[in-house]
Each structure stands twice: as structure tokens, then as C-alpha cells.
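K.L.:
predicted model and sequence follow; I will ask about them next.
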Amino acid sequence: MQKHELDKIRNMGFIAHIDAGKTTVTERVLYYTHRTHKIGEIDDGNTVMDYLPDEKKRGITITSAATIVPWKDHRLNIIDTPGHVDFTIEVERSLRVLDGAVVIFCARGGVEPQSETVWRQADRYNVPRIAFINKMDRAGASFSHCISMMENRLHCTPVPIQIPIGKEDFFEGSIDLIRMQALYNSDEDDGETLIVKDIPDELLDEAHHHRDIMIEKLAEHDEKIFEKYVHSEPVSEKEIQTVLRKVTLENKLIPVLCGAALRNKGIQPLIDAIVAYLPSPLDVPPVQGEDPISGEILTRRPNINDPMCGLIFKVITDKNSRLLFMRIYSGTITSGANIYNSTSNTSERIARIFHMHANKKERIEKAYCGEIVAITGLKMAITGDTLCCSDKPIILEKIPFPEPVISLAIEVATSGKTGDDLIESLNKMAQDDPTLHFKTDPDTGQMVVSGMGELHLEIVISRLEEDFNIKVNSGKPQVVYRETIKNSITHKELFHKKIAETEHYAGITIKLEPLERNAGFFYENKLKQPDIIPAEIQLWIEKTITESASAGVVSGYPVTDMKVSLLEIEYNERGYSDLGFRAVANIAFADAIRKAVPKLLEPIMKVEVIVPEKYTGGVIGDLNARGGQVHEIAFYLENEGQVKHDIPKVIHAFAPLSVLFGYSTALRSLTEGRGTFNMEFSHFGEA
């Protein structure tokens, strides 16, 4: 693949809050690029990208799906991601390998809770974005209010390059502010024909006003446009597009378009904008990683002549096969070739390489840098592993996985199936989904699965039955807690015992310090002269304390938000043992935690409740009774900032997850079915 071909690749994804219309937009993109010959509809359960039975049944996206579409001599590698907070890992690992993203907003709901979450995820990877305000045909749709919410909630600078023609039932199309044209979609051929007309006279002044605002924002980032703006000189279409692309790639401005995907309006200009303003693999900085031996920072460019380097970002496992999704950052891969896994220090053979179209595979023999492909044949590789050349090894930054916040006890209910069958099936599912954890409780012997929410665990149980033919009985969800300490403490411990004719003598002094919330657990060796103490002793102590942190002294939950410093070591130079130092480290750690005033932490959720005003008092009282804390009550604004009387208040609160099980039922009861809420994990707080 030559350089000019890399220029024509766009690795991008659709991200948004649930029900903003990501899959609906994707289905239109597939149709208008002639990747499919019929538009799939969520309500009909025939969408290409939502292919899982649970996705069709529930009408939501559960797992990210990839496809490739052609558009005007460009190739778009698209990933359609879920919008539900329980499946946020799908967005995380997709953004890790994508070069750009389209953030879709509902014209009525604006910037909703999960919109903020996916925006922060895109910020983490510095992914350039364009925005598409969908559902302009909905009652209560407001383009200007969405722009205002983007500025206030996302702290970004949106630049509308389109404005809508009409709204709600009277939404007809959009005005292109760069070319100053009115764009409509024909109703006779499912919107495939894009009709370009002159701007209606009654909207001409408004179009010029918004174009001036667009040029003013661009002038802040480009001297030539600034000079023309100051002297009221015309700015050409090419100048606008060049600068707009530059500032979009630099994440300084966000181009904003609008449409109504369900009514087949506004999709073709969106695809044009993806090509025009989102980056190719050549526009993003070369990927960096570490040398697995020296730790030296290495760089890989998107060049077929550079050593091969790629990242496994997703694994799909079923009863018979194992499919691994990989972004290739440099070099090439060939079917049948051996490849080195630098993360696990293993080599395996690639059996086959595929381009994916949702769940359909299209076999290819060779893949190049800049591509997103699926491969088979690798048994050992997991999500986050780096594949590369064995003579030029590199380890890329791994994908961070959020910790599960809810657990469920399950047991096999299918005759002929055993606990081993359940463990094998959960193992395969955990390879697909790193946020799914499971373990056998040592005290009760129960199998406990942990995930990101109630819906997440419902899907896990459904997959066990449908994909692995294992029915399970489940118990009431249990919250996953953490433990930490309140005070700093320095503790000295000695272990001196004779066991089986061998005398064991060991002593250590450690210091425990509490850290701020969500800081994690840290161990530090602060010995004054570490070189004079045997390295194996220091290793025994570090390993024991780190392992001990997985079970605290309050209720046996993992310890977090704490730093342990090793200050002193006492030992007998004539003889020492790992048993003695493991014992003293374990005892010292437990005793020190008890002295430092241990406390239990529980997951606190960020809750947004939308209710009619007359129910606000009752909802706030219920949240307070559950131990929640209301921190803001705002008006739900629509229609250019006007308050609608049927949905006037938005309550922002924090509440423990333990009290939110079944909250949707309670809220419906409190509001006569008129209240809605969303929640997402915020932090661990003191229980």
C-alpha cells in the first residue's frame, strides 16, 4: 500500500449516548455507500451491525461491530459502538485504535450522561471528532440548544458547518455554510438522491450570520483568514476546508452537522465530512511503545517498510472459533506467517486474515499498516496484546479496563452440565469482555460473576444459555466493595519461630499512608541502603504485601487508595527463608491496616433524573432516604432555551450503587411512569 492510498483511509467510529441513533446512522451509511442494498431498521430487528440475538431482541447495541465502506475513492473502516454505560469498554477499546470519531447527539436530549463519558474517553486518546446532531425531526428538537450544551458540558468549541432547514415535523434538510447551498434528500428513493438548491430567501440572512460566526472562529486559528475577516474580504470554500481540517485534527474545533437519520436526511454530507475533516493514518502521530527488554521508547510509523506492529483490541470467542481484531500500525502481515506476541513472549501462526462486515468475514491474504482486520489461529493472544516482529519487538500501551461494580452468584441449572463447563464458558466470555470477572468464593463455594451493571450481567446469563447451552440460577446482585485506611501509620513487626527444626527470623518496618479517592494501591521500596540487603528478601516482601492487598481486614475486599512503603528489614545473615519473610510481611500488613483505622468503600454512581416539576420533591426525598446526595437541580431546556412544562427539572445526584437496584421501578411509581433516569459509575466513597 503506497502513501497516497493511506491518505484515503479513515479509521473512525460512531460514539454516543444510548438511543442517539448510532446504528440508524450506520445503516444509512452502509446503504448510501452501496455496502448493503436495503436499509436495516432497529424496530424490525434486521440491522446489519446489531446482529446478536440480544441486540435484536432489546433494540440496543451491545458489542461494537466493524465494517468497511467505499466512498468517493476513499475507504472508511467504521466501528459502531454501544451507547449503554454497561458496555463502555466497547467504546474504550475502539477509541484506542481509531483515528477519528463521529459523536452523535439527539437533537432533543442534547449532551446526555453517556455523551459526556464517551467524550472523555475520546479526550483520553486525543481522537479528533466531528459532531452530528441527529433526530432534528423529533418534537422538542433544538439545534442551538445542543450547541450550547456542547460548549457548557463538554467544554469544547463547536463550529456549525450546517444549520437546519426547519425543525420537528417541518425539518426538511440543511444549509451548507461552506458552499452556501441548501441540501435536501429525495423522499422517493430512500434519500439516496441528494438535491442541491439555492438557500430559501427567508433563511438567507440567518445563513450569512452563521457563516460569519464560522469564519470568525476559524480566524482565531489562521492568520490568512483573520486578515480577510478583519478587512471583510471573501473567504473561499477551499480556504475554509483547509483550515477547518487542520483545527479538527488538532482538536481545537469540532465541526457540527445535522440531520434525521430515520427519515434518511443528512447522511451523505456527513460521509463527505468524515472524508474531509477526520484524519487518515498519516495524519496522526506515529504510535509509541516500549522495548520489552530495555524499556526504551520506540516509535512505529504507518509505513509498510517499518517493522510490523499491531494491537489486539477485541476478541470474539464461540464454541468453535476464536477471532481477534487487530489494528496494524506499521508493516504488513500475511496469512500463514508466524507472528511474535511481545506481551506474552510467545510466537504463533496466523491461520487466516479477514476484513469484517459486522459478523460476516471476507478473507484476504495480506493486510497493511493503517488497516483494521480480524485474524484467526492465535490461541494465546488476548485483548491488549501487541503483535510484532520477533527481531524488532515493541510493547504498545495496553487498554485500560474499568473495574466491575456489581456481582451476581450463579449456579448451573442444566442437567448434564457441571461447574467445570460453566468455568470453561465464562473463560471464553471473559476473553471477549475484560470487564467480566468471575471467581469461586472461598467461603461459600459459590461462583460469583462481576460486571459493569445489571444489564451487563443479564446479557452474560443470556449468552451462557444461547451460546453455550448452560442455564444458570442467579442470586441477588451483590455490590463489589473496596477497603482503605483513614490514618497514616508506621509499624514494626518481628517473626521469630522455630518450625520443623529450622529457626526463622525476619523483621520489617513499613509505613501505610492513605491516598485520595481512585488513586489505587501503591508499593514503594524506601530502604536507605537497598543494595546491601539480598534482593530475594526484598522481592518476597513486595510480592507478599501486593498479594495481601487483594483481601483487606474489614470484609476481605481488595485494598485501594493506599501507599505502602518498606522502610527497614531485619534478618539473620547466617540464614534466612522465604517462609519467615512472607509470614512477617503478611502479619505486618494486616496489623498495620488495623492500626490505621480501616474503612469500607462502596461504588458511588452519578445519577441524572428527569422528572416533571410536581414530582421533584418526592424524588429528591427518595434519593436522600437512599443515602444519595443531590448536588444540582436544573431546568430541562428545549426549543431555544424555553422551559417545557411537561419535562421541567433535571436532578443531578450521587448515590451508592447498593441502593439503586430496582430504582427504575421506584421512580416509575413516584412519577406515575413519567420519570426517567441514567446512572454511571463515578467513584468509590466511604460506606
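P.N.:
It's in. Numbers count the residues shown, from 1 in each chain.
K.L.:
give the buried residues for stretch 341-350.
P.N.:
Across stretch 341-350, burial judged by 16 or more other Cβ atoms under 10 Å covers 341-343, 348, 350. To be clear about C-beta, it is placed using only N, CA and C from the backbone, and glycine gets the same treatment.
K.L.:
what do you get for stretch 164-179?
P.N.:
Neighbour counts over stretch 164-179 (16+ other Cβ under 10 Å) mark 164-165, 167-168, 171-178 as buried.
K.L.:
where exactly do the strands run in the stretch 451-600 of the chain?
P.N.:
472-474, 478-479, 482-485, 489-499, 502-514, 521-525, 562-571, 598-611 (DSSP state E, counting those that start in this stretch).
K.L.:
lowest average pLDDT across those?
P.N.:
Ranked by mean pLDDT, the strands of the stretch 451-600 of the chain bottom out at strand 478-479, with a mean of 75.
K.L.:
can you tell me the strand partners of that strand and which way each runs?
P.N.:
strand 406-412 (antiparallel) (DSSP bridges).
K.L.:
any idea how far whatever helix or strand comes next after the strand it pairs with is from the chain center?
P.N.:
Downstream of strand 406-412, the first helix or strand assigned by DSSP states H and E is helix 419-432. Mean-position distance between helix 419-432 and its chain equals 23 Å (Cα atoms, centre = their mean, to the nearest Å).
K.L.:
run the angle between helix 419-432 and strand 406-412 for me.
P.N.:
If you take axes from the mean of the first three to the mean of the last three Cα atoms, to 10 degrees, helix 419-432 sits at 140 degrees to strand 406-412.
K.L.:
can you name the next helix or strand after helix 419-432?
P.N.:
Per DSSP H and E, the helix or strand that comes after helix 419-432 is strand 437-440.
K.L.:
wait, a helix at Ile651?
P.N.:
No. Ile651: not assigned to a helix; according to DSSP: H, G, I helix; E, B strand; the rest coil it is strand.
K.L.:
can we start the residue count at 606 from this point?
P.N.:
Happy to do that; since the first residue is 606 now, the last one works out to Ile1256.
K.L.:
what's the distance between it and Gly1058?
P.N.:
20 Å (Cβ to Cβ, to the nearest Å).
K.L.:
that older thread, reformat the buried residues of stretch 769-784 as TSV; add secondary structure and pLDDT.
P.N.:
Output for the buried residues of stretch 769-784, formatted as TSV (DSSP: H, G, I helix; E, B strand; the rest coil; pLDDT from 0 to 100):
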residue	secondary structure	pLDDT
Pro769	strand	96
Ile770	strand	96
Lys772	coil	89
Glu773	helix	91
Phe776	coil	95
Glu777	coil	95
Gly778	strand	95
Ser779	strand	96
Ile780	strand	97
Asp781	strand	96
Leu782	coil	97
Ile783	coil	96
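K.L.:
from these, pick the one nearest Leu1262.
P.N.:
Leu1262 lies nearest to Glu773 out of those, by Cβ to Cβ, at 37.6 Å.
K.L.:
wait, the closest one sits on Asp742?
P.N.:
Yes. With contacts counted by Cβ atoms under 8 Å, Glu773 reaches Asp742, the gap being 6.5 Å.
K.L.:
so the residue nearest to Leu1172 when sequence neighbours are not counted bridges to which residues?
P.N.:
Using Cβ to Cβ, 6 or more residues apart in numbering and skipping residues adjacent in sequence, the residue nearest Leu1172 is Thr1114, 4.5 Å away. Thr1114 has these beta-bridge partners by DSSP bridges: Lys1097, Glu1173.
K.L.:
and the two most separated of the buried residues of stretch 769-784?
P.N.:
Glu773 and Ile783 (25.7 Å).
K.L.:
buried stuff in stretch 838-848?
P.N.:
In stretch 838-848, counting by 16+ other Cβ under 10 Å, buried: 840, 844-846, 848.
K.L.:
for stretch 759-768, that is, sorry about that
P.N.:
759, 761, 763-768.
K.L.:
contacts for it, please.
P.N.:
716, 720-721, 724, 736, 748, 752, 755-756, 779-783, 788, 811-812, 815, 818-819, 822-823, 849, 857-863, 871, 874, 878 (Cβ atoms under 8 Å, 6 or more residues apart in numbering).
K.L.:
any idea what Thr922 is bridged to?
P.N.:
For Thr922, the beta-bridge partners are Arg927 (DSSP bridges).
K.L.:
average pLDDT for stretch 1223-1236?
P.N.:
On average, the pLDDT along stretch 1223-1236 is 91.
K.L.:
CA-only coordinates of it in CSV, if you can.
P.N.:
What follows is stretch 1223-1236 as a C-alpha-only set of coordinates in CSV (Å, rounded to 0.1, in the frame of the first residue of the first chain):
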residue,chain,number,x,y,z
GLY,A,1223,-40.8,13.3,46.2
VAL,A,1224,-37.9,12.1,44.0
ILE,A,1225,-35.4,14.2,46.0
GLY,A,1226,-36.8,12.9,49.3
ASP,A,1227,-36.4,9.3,48.0
LEU,A,1228,-32.9,9.9,46.9
ASN,A,1229,-32.0,11.4,50.3
ALA,A,1230,-33.6,8.5,52.0
ARG,A,1231,-31.4,6.1,50.0
GLY,A,1232,-28.3,7.9,51.1
GLY,A,1233,-27.9,9.9,47.9
GLN,A,1234,-26.6,13.5,47.7
VAL,A,1235,-28.4,15.9,45.4
HIS,A,1236,-25.8,18.5,44.1
